[in-house]
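1. compute the structure for the input listed below.
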Amino acid sequence: MRIAEPVLGDSPPGRARRSPIGSRVTLPDFSQRSPRALADGECLHLGHKTLTAIAAPWVHLWDSMLVYDEIDRTLFTSDLFLQPGDREPMTNEDRSGEVVEAARLSGAFPSQRLLERTLDRIAPLDVDTLACHHGSVLRGDPHRYYRALRENPIGDVVDPAVYNRQLPRPPAG
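-> The predicted structure follows:
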């Protein structure tokens, strides 16, 4: 049994959804059913909910995708806006400083240019909840986080040697 199967087991016609790249490359390793790609801007209708896919390449990983729920004004942010540690489920507290620091320390956001392109795309959305994969769900004005990531660049600061698999040598002695 693959990872996605327990979730999809209750829905025989259900198929995992992913970004176009992830549905071809990553997700087939985790599901016996063929995943279905969601194109950028495509809407997924779930009865009373409609989710909109927002492709966000290299905002964390090469196949990153955000998902927007217009009715609930919620943006599912993947690993964007992550906060470390064991946190309360939801907060109105401004965590923008922690978000910037965690992003810098993780080295998981390689391109500031592509990050800012995604921030440009999500800024006009009517959002009051950022549903993060790591840390608390962030409530309140999301623009404080968008500003923090623009004013404190986190991409293009990682040593490119890491991406070339050239790790620093350990100290002698």
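
2. in terms of helices and strands, where is the spatially closest residue to Glu42 that is not a sequence neighbour?
-> Ranked by Cβ to Cβ, 6 or more residues apart in numbering and with sequence neighbours excluded, the top spatial neighbour of Glu42 is Ala53, at 5.0 Å. C-betas here are computed from N, CA, C, even on glycine. Using DSSP states H and E, Ala53 maps to strand 49-55.

3. quick one, phi psi at His134?
-> phi -130, psi 120 (degrees, to the nearest 10).

4. was I right to think the residue nearest to Glu42 contacts Arg36?
-> No - counting by Cβ atoms under 8 Å, Ala53 stays clear of Arg36, with 10.9 Å between them.

5. neighbour-wise, which of those two wins?
-> Counted by other Cβ atoms under 10 Å, Ala53 and Arg36 do not tie: Ala53 has more neighbours, with 21 against 13.

6. quick one on the thing from earlier: what lines up beside the strand holding Ala53 in the sheet?
-> Strand 49-55 pairs in its sheet with strand 43-46 (antiparallel), strand 65-69 (antiparallel), by DSSP bridges.

7. quick one: contacts of that strand?
-> Here strand 49-55 makes contact (Cβ atoms under 8 Å, 6 or more residues apart in numbering) with 17, 19-20, 38-44, 64-72, 76, 118, 121-122.

8. what helix or strand is Ala148 on?
-> Under the criterion of DSSP H and E, Ala148 resides in helix 143-151.

9. what helices and strands are in contact with that helix?
-> Identification of packing neighbours for helix 143-151 by 3 or more Cβ pairs under 8 Å, 6 or more residues apart in numbering; DSSP states H and E yields helix 96-106, helix 112-122.

10. would you turn those helices into a markdown table with mean pLDDT, mean neighbour count and distance to Tyr146?
-> A markdown table is the format used below for the helices and strands packed on helix 143-151 (pLDDT from 0 to 100; neighbours: other Cβ atoms under 10 Å; distance: least, Cβ to Cβ, whole Å):
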| stretch | mean pLDDT | mean neighbour count | distance to Tyr146 |
| --- | --- | --- | --- |
| helix 96-106 | 91 | 18 | 9 |
| helix 112-122 | 92 | 17 | 5 |
